[in-house]
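Student: I would like the atomic coordinates for the input below:
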Amino acid sequence: MYGGGSGTHESKREMSLEYQAQISILRPSIRARRANMTVKFQDVHGFTVEGNVDDVNVLNEVREKLRQQGRVWWALEANKGVNWYLETHVSSTLKSSLKFSALVNAITLKRLIKKGIPLNFRPKVWFSLSGAAKKKSTVPDSYYNDMTSAVFDMVTPATKQIDQDLPRTFPGHPWLDTSDGHSALRRVLVAYSFRDSDVGYCQGLNYVAALLLLVMKTEEDAFWMLAVLLENVLFNDCYTYNLSGCHVDQRVFRDLLAKKCPRIATHLEGIDFDVSLVCTEWFLCLFSKSLPSETTLRVWDILFYEGANVLFNVALAIFKMNEEELLVTHQVGDVINVIQKTTHHLFDPDELLTVAFDKIGFTTTTTISKQRKKQEPAVMAELDQRLRRLNSLHENGDEN
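Tutor: Numbers count the residues shown, from 1 in each chain. Got it, this is the predicted structure:
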């Protein structure tokens, strides 16, 4: 009896092991099918995106984190007051108790912004912390409405380009790609083109302004966010007619990549890959055209609070996250494919921002400014040479 029972148990054990072995073979197969199964779904801002089942789960987790963050912000408002995040400036004139309170608020705010500003709080927090509210307060209340009314029928090279770009801006979005969405976007872009004739309109701003319209509660607030972004947050030469600032940023980024990710930089140089092939769009569109919407807005949360340095940290992080894959590429097209595959599916903002600030190491705006000043003369000389060449070609063409 005992021997027979042992045989039976052994037989069951063997069957169990065989079954487990089959399961271990089947599980990767199921995961592979899930990974390859493409589904379309809407993200939290109404954009239709394509991904696999795991991407949907990540987006659901992002939604839940946003809800949790919302509860944290509501609790802080209840304890500290509605505008507690504005009381973060430590001044020498403050009493000691108020200095401590402001310092605590500043530390709390910086930590919370890294975790993401909840959807309901984002408009007012951006508007206050970025300086947009202060900028708006320096002009009459009717400034934006007067501006849009005055320039409505005017035609300039900028308005012509804006009209061409409207249908290209996030096609398929349930509001942006409608007549109402196009009209609102046009008013914001045209108004700003008249406000700042040095910038006028630059392609890329359509995507930036479109996302601002989705986030801010009013069209006028979106206009002021665009104004503070171009006039105060970013470096002021990024969108000039010759894009000199963008060229400077590419050179600065190339140097930062060599310093922070030397293996990647050396490899890319070896296959003649120019980082501007991917970074130009990142810096002009502020990642709005490259990253999923909530990931982009998480980057902007930090951008409006800490400044343009965040763009460089995020760009470095994207390369760093793909280091092993990039090191085995042999052609320029392979590098672009690796980068785009990652950016289009970076649905988890925390994954990107952890690499950007914890693994890369923080790069200050002061550091970026110093590097830009070093690069500016070479860029201006290069652009001047290019202009001379073009003028020479035109002159030769006229003679012929």
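Student: Which parts of the stretch 201-350 of the chain are strands?
Tutor: Assigned by DSSP state E, counting those that start in this stretch, the strands in the stretch 201-350 of the chain number zero.
Student: Show me where the stretch 51-200 of the chain has its helices.
Tutor: 53-80, 96-115, 122-129, 132-136, 143-151, 157-165, 179-195 (DSSP state H, counting those that start in this stretch).
Student: Check which helices and strands the second one is in contact with.
Tutor: Packed against helix 96-115, as judged by 3 or more CB pairs under 8 Å, 6 or more residues apart in numbering; DSSP states H and E, are the following elements: helix 53-80, helix 293-306. Where you see a C-beta, it was placed from the backbone N, CA and C, and this is true even at glycine.
Student: ok, 6 Å please
Tutor: Counting contacts by 3 or more CB pairs under 6 Å, 6 or more residues apart in numbering; DSSP states H and E, helix 96-115 packs against helix 293-306.
Student: buried residues in the helix it packs on?
Tutor: 293-306 (16 or more other CB atoms under 10 Å).
Student: Pipe those into TSV and attach pLDDT per row.
Tutor: Listed next are the buried residues of helix 293-306 as TSV, based on pLDDT from 0 to 100:
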residue	pLDDT
Ser293	96
Glu294	94
Thr295	97
Thr296	98
Leu297	98
Arg298	97
Val299	98
Trp300	98
Asp301	98
Ile302	97
Leu303	97
Phe304	97
Tyr305	95
Glu306	93
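Student: Out of those residues, which comes closest to Tyr144?
Tutor: Phe304 (19.5 Å; CB to CB).
Student: from memory that closest one sits against Trp126, does it?
Tutor: Yes. Using CB atoms under 6 Å, Phe304 is in contact with Trp126, at 5.2 Å.
Student: how much space is there between Trp224 and Arg67?
Tutor: Using CB to CB, to the nearest Å, Trp224 is found at 28 Å from Arg67.
Student: More neighbours: which of those two?
Tutor: Neighbour totals were compared for Trp224 and Arg67, and Trp224 leads with 26 against 11 (other CB atoms under 10 Å).
Student: contacting residues for that one?
Tutor: Ala132, Lys136 (CB atoms under 6 Å, 6 or more residues apart in numbering).
Student: Let me know the pLDDT of it.
Tutor: pLDDT recorded at Trp224 is 98.
Student: same check, this time on Gln20
Tutor: pLDDT at Gln20 comes out at 42.
Student: Could you number the chain from 156 rather than 1 from now on?
Tutor: Yes, from this point I'll number from 156; that puts the last item at Gln175.
Student: Dump the helices of the stretch 206-355 of the chain to TSV, plus distance to Leu471 and mean pLDDT.
Tutor: Below are the helices of the stretch 206-355 of the chain laid out as TSV (distance: least, CB to CB, whole Å; pLDDT from 0 to 100):
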stretch	distance to Leu471	mean pLDDT
helix 208-235	22	91
helix 251-270	17	81
helix 277-284	24	96
helix 287-291	28	97
helix 298-306	37	97
helix 312-320	29	97
helix 334-350	30	97
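Student: do you know which of these lies nearest Pro417?
Tutor: Set against Pro417 and scored by CB to CB, those come closest in helix 251-270, at 26.7 Å.
Student: could you give the angle of that closest one to helix 277-284?
Tutor: Taking axes from the mean of the first three to the mean of the last three CA atoms, to 10 degrees, one finds helix 251-270 and helix 277-284 inclined to each other by 130 degrees.
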